[in-house]
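S.K.: sharing a model prediction with you, sequence too.
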There are 2 protein chains.
Amino acid sequence: MGKHEVEYRAPEGLPVIEIVREFDAPRELVYRAHVDPDLLVRWLGPSRLTMKVERHDIERGGGYAYTHIDTDGTEYKFWGAVHDAREPELITQTFGFEGAGDAASLERLVLDELDGGRTRLTITSVVFDVETRDAMLRSGMKEGVDQGYAQLDDVLAGGPGRSAS
Amino acid sequence: MGKHEVEYRAPEGLPVIEIVREFDAPRELVYRAHVDPDLLVRWLGPSRLTMKVERHDIERGGGYAYTHIDTDGTEYKFWGAVHDAREPELITQTFGFEGAGDAASLERLVLDELDGGRTRLTITSVVFDVETRDAMLRSGMKEGVDQGYAQLDDVLAGGPGRSAS
């Protein structure tokens, strides 16, 4: 893979998705872009959406809630609870989407330091069954992740992120 | 299985444990025994332990933390974040044990009404890999679950629970 492409792994028969992506920035900064809501709104999700953060307490026992707003005004609401967070290397949290019923994921974000002040991000996401995992992969998730991390590249380089698109 | 025995399911090749147990009480009461910390300390976990609750906010975006204390004073600390809770039927939360490193589970508790004012409890628990699932099954988890639910039977019948043992 190119160093700025997202690698997706969907292990056969397991309800797991793994996402790997590298960034040209130190992990302290990549971590901060995940916990600071003013940075987060500039990169998370597909580029056509805007984002409002209702809650963003990224610490053990905390939680988050945000809304993505489509070009026609449609709102997509997401929320989760934070199992653990350890700066600048680990966030373990749940993920839910209003409209997906009681489906829930557990996500573990790990940031590893690479040479040259670069960072490898690995997200391992697990759900209760393989069918739900496969539906997530078909849902357009990849488009949002790919575009979001391209926006994060821009934010990490000091650019505006989403509003640049 | 006998109606008061715990049924354990560990599907081959999946990082999932399912626990099924029936109770002679309506689900409103079984749910309350999970969310009211004064009831919870009377039944959760092995009978030889006592229990202190540090936090117990069982609602969407909430969290919990408690300590089990062994007969020799050793403390076992557990915590989690609450993804969702819908009285009297659903709680989805994470589960962690201090001393298990960064391991975490996502647990979904479902309470179904049965005839005669009885309740079926189903917990589906998922972790990031099958090895961790298998280690949980070998860890003495069953002893704590079996004894805990026997104590819950007593609490639901109006007895003292743990202190009865």
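M.R.: Looks like it arrived, so ask away. On a predicted model such as this, the values are computed, not experimentally measured, just so you know.

S.K.: thought A:W43 was touching A:A157?
M.R.: No. Between A:W43 and A:A157 there is no contact under C-beta atoms under 8 Å: 11.4 Å. Just so you know, the C-beta spots here come from the backbone N, C-alpha and C atoms, and that holds for glycine as well.

S.K.: what about these two, which has more around it?
M.R.: Taking neighbours as other C-beta atoms under 10 Å in any protein chain shown, A:W43 and A:A157 compare with A:W43 leading, 24 against 11.

S.K.: what is the longest strand of chain A by residue count?
M.R.: strand A:75-86 (DSSP state E).

S.K.: how about that strand: buried residues?
M.R.: A:Y76, A:F78, A:W79, A:G80, A:A81, A:V82, A:H83, A:D84, A:A85 (16 or more other C-beta atoms under 10 Å in any protein chain shown).

S.K.: tell me the residues of chain A that contact chain B?
M.R.: With C-beta under 8 Å from any C-beta of the partner chain as the criterion, chain A meets chain B at residues A:13-16, A:55, A:60-65, A:79-84, A:90, A:92-94, A:96, A:102, A:104-106, A:108, A:124, A:126-130.

S.K.: looking at the residues you listed, which are in strands?
M.R.: The strands, defined by DSSP E, take in A:16, A:55, A:63-65, A:79-84, A:90, A:92-94, A:96, A:105-106, A:108, A:124, A:126 from the residues of chain A next to chain B.

S.K.: A:V53: what's it in contact with?
M.R.: Taking C-beta atoms under 8 Å, 6 or more residues apart in numbering or on different chains, we find A:V53 in contact with A:P37, A:L40, A:V41, A:Y64, A:A65, A:Y66.

S.K.: wait, which of these is closest to chain B?
M.R.: Nearest to chain B, judged by C-beta to the nearest C-beta, of the contacts of A:V53 is A:A65 at 7.0 Å.

S.K.: low-confidence stretches in chain A?
M.R.: A:1-2, A:164-165 (pLDDT under 70).

S.K.: which parts of it are helices?
M.R.: Shown for chain A, the helices assigned by DSSP state H span residues A:27-35, A:37-40, A:130-138, A:141-156.

S.K.: if we go by neighbour counts, what in the second one is buried?
M.R.: Burial within helix A:37-40, assessed by neighbour count using 16+ other C-beta under 10 Å, is assigned to A:P37, A:L39, A:L40.

S.K.: doesn't A:L29 make contact with A:R118?
M.R.: No. Applying C-beta under 8 Å, one finds A:R118 not in contact with A:L29, separated by 10.9 Å.

S.K.: relative to A:A104, how far out is the spatially closest residue to A:L111 that is not a sequence neighbour?
M.R.: Here the nearest residue to A:L111 in space, its sequence neighbours aside, is A:R27; by C-beta to C-beta, 6 or more residues apart in numbering or on different chains that works out to 4.1 Å. Applying C-beta to C-beta, to the nearest Å, the value for A:R27 to A:A104 is 27 Å.

S.K.: more crowded one of these two?
M.R.: Each of A:R27 and A:A104 has its neighbours counted (other C-beta under 10 Å); A:A104 has more, 24 against 21.

S.K.: restricting to C-alpha, output the longest strand of chain A in CSV.
M.R.: Provided in CSV are the C-alpha atoms of strand A:75-86 (Å, rounded to 0.1, in the frame of the first residue of the first chain):
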residue,chain,number,x,y,z
GLU,A,75,-28.6,14.5,10.3
TYR,A,76,-26.7,11.3,11.2
LYS,A,77,-26.2,10.9,15.0
PHE,A,78,-23.4,8.8,16.5
TRP,A,79,-22.4,8.2,20.1
GLY,A,80,-20.2,6.0,22.2
ALA,A,81,-18.8,5.4,25.7
VAL,A,82,-15.1,5.5,26.4
HIS,A,83,-13.7,2.4,28.1
ASP,A,84,-10.1,3.7,28.4
ALA,A,85,-7.8,6.4,27.0
ARG,A,86,-4.1,6.7,27.5
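
S.K.: give the pairing partners of that strand; include direction for each.
M.R.: If you go by DSSP bridges, strand A:75-86 pairs up with strand A:63-69 (antiparallel), strand A:90-97 (antiparallel).

S.K.: which positions in the longest one come out as buried?
M.R.: Within strand A:90-97, the residues that qualify as buried by neighbour count (16+ other C-beta under 10 Å) are A:I91, A:T92, A:Q93, A:T94, A:F95, A:G96, A:F97.

S.K.: which residues does the last one bridge with?
M.R.: Under the criterion DSSP bridges, A:F97 forms beta bridges with A:F78.

S.K.: that one: what's it in contact with?
M.R.: A:F97 is in contact with A:Y76, A:K77, A:F78, A:A103, counting by C-beta under 8 Å, 6+ apart.

S.K.: tabulate those residues (JSON lines), appending distance to A:E113.
M.R.: Shown next, in JSON lines, are the contacts of A:F97 (distance: C-beta to C-beta, whole Å):
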{"residue": "A:Y76", "distance to A:E113": "34"}
{"residue": "A:K77", "distance to A:E113": "34"}
{"residue": "A:F78", "distance to A:E113": "29"}
{"residue": "A:A103", "distance to A:E113": "34"}
